[in-house]
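**Student:** Here's a sequence, model it:
(one chain, ligands or ions: 1)
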Amino acid sequence: MGKTINARDRGSTMHKCNVCKPLPFDVQKGRKKGNGQKSLFLVEGIFMERHCLFCNKPIEGRSDKKFCDDYCRSSYNYNKNAGHAPLVRKIVSILKKNRKIIKELNQGTSGTTKVSREELLAKGFDFDYYTNIYHTRAGDAYFFCFEMGYLKLDNEKILLVVKDNHPLQERET
Ligand SMILES: [Zn+2]
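**Tutor:** So this is what the prediction gives:
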């Protein structure tokens, strides 16, 4: 990051900006006119004009400002996050649906309800998505969608379980 221009910063007279076309810029002249001075800062001996990351207009004010105002800041951040958000939402909705299906079918005590793989698929269960796997010492692998899980048995049967006292679950006092 550069620093703001003061009276001692002379010498470099070339305005080199990644955004603008290079323009000759006389620091002394600029200072007298009070023109553009605030939007310039010094990087490794080169005066840079700063531009808003969202609308690309020159920025005036503090040397660490990246946006004109709150509107540009929030618009920039919204667009930045919009790219991957739909994918994340889609995966989370699959996981939530899986959880809901297990919860609905698992009416008895945890580990006593068996359903068929077909039954889960018919309800829209997606076996490709789960939040974590619990491996037992016996070599079994329980797949979980949040706290709702299952164990694949023989003959396409699925045993449904609920993880009580989940380590991530906040204790109620
Ligand atoms: Zn802006």
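**Student:** Quick one: the strands in this protein, in order.
**Tutor:** 3-4, 14-15, 23-24, 40-43, 46-49, 113-116, 132-135, 141-145, 148-152, 157-162 (DSSP state E).
**Student:** Report the inter-axis angle for the longest one versus strand 141-145.
**Tutor:** In other words, strand 157-162. Relative orientation of strand 157-162 versus strand 141-145 (axes from the mean of the first three to the mean of the last three C-alpha atoms, to 10 degrees): 60 degrees.
**Student:** Any buried residues in strand 157-162, and which?
**Tutor:** 158, 159, 160, 161, 162 (16 or more other C-beta atoms under 10 Å). Yep, even glycine has a C-beta here, placed from its N, CA and C like the rest.
**Student:** Direction included, what does it pair up with?
**Tutor:** strand 113-116 (antiparallel), strand 148-152 (antiparallel) (DSSP bridges).
**Student:** Rounded mean pLDDT for it, please.
**Tutor:** Average pLDDT, strand 157-162: 96.
**Student:** Show me the contact partners of it.
**Tutor:** Outside of strand 157-162, the residues within contact range by C-beta atoms under 8 Å, 6 or more residues apart in numbering are 102, 105-106, 110-111, 113-117, 120, 142, 147-153.
**Student:** Can you tell me which of those residues are buried?
**Tutor:** Buried by 16+ other C-beta under 10 Å: 102, 105-106, 113-115, 117, 120, 142, 147-151, out of the contacts of strand 157-162.
**Student:** show me what contacts residue 147?
**Tutor:** Per C-beta under 8 Å, 6+ apart, neighbours of residue 147: 99, 162, 163, 164, 166, 169.
**Student:** so how far is residue 113 from the third one?
**Tutor:** Plainly put, residue 163 is 15 Å away from residue 113 if you go by C-beta to C-beta, to the nearest Å.
**Student:** do the fifth one as well
**Tutor:** Taking C-beta to C-beta as the criterion, residue 166 is separated from residue 113 by 19 Å.
**Student:** Also the fourth one?
**Tutor:** Taking C-beta to C-beta as the criterion, residue 164 is separated from residue 113 by 15 Å.
**Student:** And the first one, by the same measure?
**Tutor:** Using C-beta to C-beta, we find residue 99 at a distance of 15 Å from residue 113.
**Student:** Pull the contacting residues for residue 166.
**Tutor:** Contacts of residue 166 by C-beta under 8 Å, 6+ apart are residue 147.
**Student:** where are the low-confidence patches of the protein?
**Tutor:** Counting by pLDDT under 70, the chain shows low-confidence ranges at 1-48, 62, 81, 83-84, 170-173.
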